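Participant: Sequence first, then the predicted structure, then my questions.
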Amino acid sequence: MSDQRRAVVITCSTRAAQGVYPDRGGPLLVEALRSWGFTCDDPVVVPDGPLVEAALRDAVAIGAAVVVTTGGTGLTPTDGTPEATRLVIDAEVPGIAEAIRVAGVAQGIPTAMLSRGIAGLAGTTLIVNVPGSPGGVRDALRVLEPVLPHAVSQIHGGDH
């Protein structure tokens, strides 16, 4: 059973996982989720590849209501977060990912449309992929803040 107040942040970045540079997007997500009333540990940082799917499955298994990933949504050969997410979810919620892309373009970042991030449900866990850049994370947070609590409530039988 899902805990409606528990969130998990997964940073999908081989270089951050190797310590080449610090994770900058994950901490922004954790701070925001906590300020919105979610219980959220520090980000789980995993390299691109099979460990992304494993981290997603772990978050669903512990009953997280929300999982937000950052990174791995672009066009480079190692960007595989959307594919890993599709292996875990039961149904897509395409409007969330579309709104995140639109928000980035509206902020004057035309490359935001290149993000392949998706959102969907794995049981009663909402999984959302956001870009890896701090600016992309901030754009995504502006989209998520007004809808995330309502989405979680709805997933758990709340009113529309």
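Facilitator: Cool, got the structure. Numbers count the residues shown, from 1 in each chain.
Participant: what ranges do the helices span in the chain?
Facilitator: Taking DSSP state H as the test, the helices found in the chain are 14-17, 25-35, 50-61, 81-88, 94-106, 134-144, 148-155.
Participant: contacts for the fifth one?
Facilitator: Spelled out, it's helix 94-106. Residues outside helix 94-106 that contact it (CB atoms under 8 Å, 6 or more residues apart in numbering) are 111-113, 115, 117-119, 128-131, 135-136, 139-140, 142-144, 147, 151. C-beta: built from backbone N, CA, C; applies to glycine.
Participant: try 6 Å this time
Facilitator: The contact list for helix 94-106 (CB atoms under 6 Å, 6 or more residues apart in numbering) reads 112, 113, 115, 117, 118, 119, 128, 139, 140, 143.
Participant: same check, this time on the fourth one
Facilitator: Under the criterion CB under 6 Å, 6+ apart, residues 12, 52-53, 56-57, 69, 72-73, 116, 118, 122, 127, 129 lie in contact with helix 81-88.
Participant: closest to residue 157 among those residues?
Facilitator: Nearest to residue 157, judged by CB to CB, of these is residue 122 at 17.2 Å.
Participant: so who does the closest one touch?
Facilitator: Residue 122 sits next to 60, 88, 89, 90 when contact means CB under 6 Å, 6+ apart.
Participant: Who are the contact partners of residue 67?
Facilitator: By CB under 6 Å, 6+ apart, the contact set of residue 67 is 8, 59, 127.
Participant: cool, residue 113 as well?
Facilitator: Contacts of residue 113 by CB under 6 Å, 6+ apart are 101, 105.
Participant: Distance of it relative to residue 72?
Facilitator: 17 Å (CB to CB, to the nearest Å).
Participant: okay, the most centrally placed residue in the chain: pLDDT?
Facilitator: Centroid-nearest residue in the chain: residue 68, 2.3 Å away (criterion: CA atoms, centre = their mean). We note a pLDDT of 98 for residue 68 in this prediction.
Participant: can I assume residue 55 is in contact with residue 11?
Facilitator: No: taking contacts as CB atoms under 6 Å, residue 55 lies outside contact range of residue 11: 9.4 Å.
Participant: what about the two, which has more around it?
Facilitator: residue 11 (27 against 21; other CB atoms under 10 Å).
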